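**Q** Need the 3D shape of this:
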Amino acid sequence: MAAPVPSLPGVLTVRQVAQTAASIAGVQDSSGAIAWFEGGQVDPWDHVECAMALLAAGECAAAERAYEWLFASQREDGTWPIRLRGGVVEDDGADSNMCAYVAVGAWHHWLVRRDRGFVRRAWPVVRRALDHVTRCQLGFGGIGWSQDASGRVADSALLTGSSSVLHALGCGIALAELVGSPQPEWELAADQLAHALRFHEDRFLPKAEFSMDWYYPVLAGALRGAAARARLGARWADFVVPGLGARCVEDRPWVTGAETCELVLALDAVGWSARAQTLLRDMQHLRQPDGAYWTGYVYPDQAHWPVETSTWTGAAVILAVDALSRTTPGSSIFRAARPPVGLVGAGGECGCAIPVLAEPAAPAAAERSPVSADGVTGLAADAGQGPHRAEGTVRDEVAAFDRA
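**A** Down below sits the predicted model:
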């Protein structure tokens, strides 16, 4: 008997979700790799997100092929190249967040399928990946965002990327318990990372103009409860455009589907499900007749930009529908994320010893840009670069916005 496909009354039907999954599977090449779009680049983070969505929507064979490609393409040091295209490496550096995400995909697969054979194949891959990521941890607890081809780890950390790594470490720790191979180094790394995310946000690279830096500490489980709701409430008006979705960048009149759906997942994680459902409904203007989704929309011009439908946007939609509908056992993977418990201080350069579950201070009111989004008449060349993807990634397809 086939597993049920997620749907959400008033938003998407079973048939529509299956259609979106088919649009993702249609981009998968014969090796199992899933590019951003036909002829586009492949990176391990977005590839895993697509595999998770395929599994949630019943495209199990395509999901299995995606994971087999991922396992086979891991390098000996536990990493994957930042960017490939057509099987050719275009950037052979490693992004710590991209490498860590295999743990989220593997744990999601277990939640959905309970397949111990898959777990046996996945475990060595996850272990190598998270061992690499924990080696990238900086003294204050954040995760160095990249490693170049020479093996040098960046001495700076991204808030969004480190938040996602915390989620991956939690999934990896759960997988380690499942296979009976505890990883105390990961637990310590997660403890110190959660502390840094909750109490030392100023130590991360400043990227507050990106919506992901706003909601990712909530989405990934670094914040929960009152602190999480306060964070989301503090900058809601900065990023959310009623009726359209969420901006990727605060001062750009550009809403993006993936960021909107990730925000939906964060809202669901703090119990704001009604608000989450409204936001998911609002972004359906990006949907194409074949079930694929435009990446973004520049609302003053009523134009889609970049002129592409992206697999990872469709994947984010499916995962959001599953989370809100509670359809598959994997629908809880973001909602169940929690910061580790314990004390940090010993071994961390900050020297403080604050319980990880203590409440951080309420966020200060955001300082608004003197220029409103509606007054912006163009988009920066790098506006499409989100901080959870590699800083060095340059997307030729979105390097400029042609205003016809």
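
**Q** so where do the helices sit in the stretch 251-400 of the chain?
**A** For the stretch 251-400 of the chain, the helices identified by DSSP state H, counting those that start in this stretch occupy 257-269, 273-282, 311-325, in order along the chain.

**Q** And the ones you listed: which comes nearest residue 134?
**A** helix 257-269 (24.4 Å; CB to CB). In short, each C-beta sits where N, CA and C put it, glycine included.

**Q** Which neighbouring elements make contact with the closest one?
**A** helix 211-219, helix 225-234, strand 245-246, helix 273-282, helix 311-325 (3 or more CB pairs under 8 Å, 6 or more residues apart in numbering; DSSP states H and E).

**Q** The shortest one: partners in the sheet, and parallel or antiparallel?
**A** Put plainly, it is strand 245-246. Each strand paired with strand 245-246, and its direction, by DSSP bridges: strand 240-241 (antiparallel).

**Q** Work out the gap between the partner strand and the centre of the chain.
**A** Distance of strand 240-241 from its chain centroid, counting by CA atoms, centre = their mean, to the nearest Å, is 20 Å.

**Q** List of residues touching it?
**A** In this structure, residues lying in contact with strand 240-241 by CB atoms under 8 Å, 6 or more residues apart in numbering are 246-247, 255, 263, 279, 299.

**Q** Hmm, residue 182 is touching residue 175, no?
**A** No: between residue 182 and residue 175 there is no contact under CB atoms under 8 Å: 10.9 Å.

**Q** Next, name the residue at the spatial heart of the chain.
**A** residue 164 (6.4 Å; CA atoms, centre = their mean).

**Q** in which helix or strand would I find that one?
**A** Counting by DSSP states H and E, the secondary-structure element that holds residue 164 is helix 159-179.

**Q** For that helix, list the C-alpha coordinates in PDB.
**A** Provided in PDB are the C-alpha atoms of helix 159-179 (Å, rounded to 0.1, in the frame of the first residue of the first chain):
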ATOM      1  CA  LEU A 159      24.500  32.500  11.300                       C
ATOM      2  CA  THR A 160      22.200  30.700   8.900                       C
ATOM      3  CA  GLY A 161      24.700  28.000   8.000                       C
ATOM      4  CA  SER A 162      25.700  27.400  11.600                       C
ATOM      5  CA  SER A 163      22.000  27.200  12.600                       C
ATOM      6  CA  SER A 164      21.400  24.500   9.900                       C
ATOM      7  CA  VAL A 165      24.500  22.700  11.000                       C
ATOM      8  CA  LEU A 166      23.100  22.600  14.600                       C
ATOM      9  CA  HIS A 167      20.000  20.900  13.100                       C
ATOM     10  CA  ALA A 168      22.200  18.400  11.200                       C
ATOM     11  CA  LEU A 169      24.200  17.600  14.300                       C
ATOM     12  CA  GLY A 170      20.900  16.900  16.200                       C
ATOM     13  CA  CYS A 171      19.800  14.500  13.400                       C
ATOM     14  CA  GLY A 172      23.300  12.900  13.300                       C
ATOM     15  CA  ILE A 173      23.300  12.400  17.100                       C
ATOM     16  CA  ALA A 174      19.900  10.700  16.800                       C
ATOM     17  CA  LEU A 175      21.200   8.500  14.000                       C
ATOM     18  CA  ALA A 176      24.200   7.600  16.100                       C
ATOM     19  CA  GLU A 177      22.000   6.400  18.900                       C
ATOM     20  CA  LEU A 178      19.900   4.400  16.500                       C
ATOM     21  CA  VAL A 179      23.000   2.500  15.200                       C
END
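
**Q** Between helix 257-269 and that helix, find me the angle.
**A** For helix 159-179 against helix 257-269, the angle between stretch directions is 60 degrees (axes from the mean of the first three to the mean of the last three CA atoms, to 10 degrees).

**Q** Mind listing what's buried along helix 159-179?
**A** Along helix 159-179, these residues count as buried under the neighbour rule (16 or more other CB atoms under 10 Å): 159-173, 175-176.
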